[in-house]
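Enquirer: Quick check, what structure comes out for this input:
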Amino acid sequence: MPIDRALLEILACPDDHHSPVREEGDYLVCTECRRRFPVKDGIPVMLLEEALPPAD
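Expert: Below you'll find the model as predicted:
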């Protein structure tokens, strides 16, 4: 289920950088640190403890 565009525009990485995120599959990815935040049942889980490292 895609994230609402208006919500995606205001979401940011909770790290000190507060960079915007982009949608990639079932994750929201920080445009700076590239952490991947899961989207569960259409709800983004924007917790650093839940974030996965970059996919590289």
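
Enquirer: Pretty sure residue 20 sits against residue 28.
Expert: No. Counting by Cβ atoms under 8 Å, residue 28 is not a contact partner of residue 20; they are 9.6 Å apart. Heads up, the C-betas are built off the backbone N, CA and C, glycines and all.

Enquirer: what residues are shared contacts of those two?
Expert: Listed as contacting both residue 20 and residue 28 by Cβ atoms under 8 Å, 6 or more residues apart in numbering are residue 11.

Enquirer: Who has more neighbours out of the two?
Expert: residue 28 (24 against 15; other Cβ atoms under 10 Å).

Enquirer: Look up which residues are beta-bridged to that one.
Expert: Here residue 28 sits in beta bridges with residue 23, residue 37, going by DSSP bridges.

Enquirer: these two touch, right, it and residue 14?
Expert: No. Counting by Cβ under 8 Å, residue 28 stays clear of residue 14, with 11.0 Å between them.

Enquirer: residues shared between the contacts of these two?
Expert: Here residue 28 and residue 14 have residue 46 as joint contacts, going by Cβ under 8 Å, 6+ apart.

Enquirer: Spell out for me which residue occupies the centre of this structure.
Expert: When Cα atoms, centre = their mean is applied to the chain, the residue found nearest the centroid is residue 28 (2.8 Å).

Enquirer: pLDDT score assigned to it?
Expert: Per-residue pLDDT puts residue 28 at 95.

Enquirer: How about the contacts made by it?
Expert: Contact analysis of residue 28 by Cβ under 8 Å, 6+ apart lists 3, 8, 11, 21, 22, 36, 37, 39, 44, 46.

Enquirer: same thing but at 10 Å, please
Expert: When contacts are counted by Cβ atoms under 10 Å, 6 or more residues apart in numbering, residue 28 is found next to 3, 8, 11-13, 20-22, 35-39, 44-46, 51.

Enquirer: which ones among the residues you listed are found in helices?
Expert: Counted as lying in helices by DSSP state H, out of the contacts of residue 28, are residue 8.

Enquirer: Can you flag the buried ones in the contacts of residue 28?
Expert: By neighbour count, with 16 or more other Cβ atoms under 10 Å, the contacts of residue 28 hold 3, 11, 12, 13, 21, 35, 36, 37, 39, 44, 46, 51 as buried.
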